[in-house]
Structure formats: C-alpha cells, structure tokens
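Undergrad: using only what follows, build the 3D model:
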Amino acid sequence: MFASFVGGLGSFITGSNTVSDLLFAEFQWGVASQLELPRQIIVAAQAVGGAMGNMVCIHNIVAVCAVVGLSGMEGQILKRTVWPFLLYGLVVGIVASLMSFVFVPHLF
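TA: Numbering: from 1, shown residues only. Modelled structure (predicted):
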C-alpha cells in the first residue's frame with residue numbers, strides 16, 4: 001500500500017523518477033521478499049510513485065515557475081498539487097494491493 005509513496009518520496013527529494021528507482025527499488029524488492037508479496041508488483045508501484053512524485057518535486061515546481069513567470073508562487077503551487085499527489089498515491093496503493101492479494105496473488 002505504501003510502495004507508491006516511497007517512490008514519490010524519492011522523486012520529491014531527488015527530482016527524478018529514475019533516481020528514485022535507483023535509490024529505493026532494491027529496498028522495495030527486499031521488503032516485498034520479507035513480507036512474501038509479489039516483488040514485481042511492489043517495484044512497479046514504486047516506479048509509478050516516482051512518476052507521481054514529480055508533480056510535487058521542488059526542483060520541477062521552481063523550474064516551471066521560472067519559465068512561466070510565476071516566481072514567488074512555488075508554495076501555492078505545491079499546496080495545490082499535494083492533494084492530487086495523495087489521491088494518486090492512494091489509488092495506486094489500492095490497485096497494487098488488489099493485484100497482490102485478490103487478482104493475481106500467486107502469479108509472481
């Protein structure tokens with residue numbers, strides 16, 4: 001359920017989904033192995049979370065504000081994008097949980 005938020009945290013910190021995956025994919029794989037969950041689904045949720053983390057990434061918000069002339073509005077933009085980020089992460093977590101426990105629990 002929380003794999004997408006770990007990916008989002010990595011992307012928020014680093015500014016890149018790729019770097020988020022490099023930082024946390026092995027961690028996610030190990031946690032999934034320890035909990036006997038489908039590792040591929042958990043790492044996929046990590047990758048989707050990294051993509052969703054780009055919408056709240058400070059680097060990206062500052063760059064966008066500079067390009068479109070909204071300097072000084074970074075905080076307001078971050079406040080507006082946090083709610084879609086949380087909703088997106090919740091939906092990804094629910095889908096990953098359903099895939100792990102209901103639809104294909106023993107596929108991987």
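Undergrad: number of residues surrounding M1?
TA: Residues within reach of M1, counting by other C-beta atoms under 10 Å, total 13. To be clear about C-beta, it is placed using only N, CA and C from the backbone, and glycine gets the same treatment.
Undergrad: what of S16?
TA: Number of residues near S16 (other C-beta under 10 Å) recorded here: 18.
Undergrad: how far away is it from L37?
TA: S16 sits 26 Å away from L37 when distances are taken as C-beta to C-beta, to the nearest Å.
Undergrad: report the contact partners of the residue nearest to the spatial centre of the chain.
TA: Nearest to the centroid of the C-alpha atoms of the chain, with distances taken as C-alpha atoms, centre = their mean, sits G49, at 1.7 Å. For G49, the contacting residues are 3-11, 20, 89, 92, taking C-beta atoms under 8 Å, 6 or more residues apart in numbering as the criterion.
Undergrad: point out where this structure drops to low pLDDT.
TA: 108 (pLDDT under 70).
Undergrad: which SS class is L22?
TA: Assigned with DSSP: H, G, I helix; E, B strand; the rest coil, L22 falls in the helix class.
Undergrad: could you do V56 as well?
TA: coil.
Undergrad: ok, it to Y88 distance?
TA: When C-beta to C-beta is the yardstick, V56 and Y88 sit 10 Å from each other.
Undergrad: between those two, which is the more surrounded one?
TA: For V56 versus Y88, neighbours defined as other C-beta under 10 Å are more numerous around V56 (21 against 18).
Undergrad: in contact with that one, which residues are there?
TA: Taking C-beta under 8 Å, 6+ apart, we find V56 in contact with 8, 12, 78, 81-82, 85.
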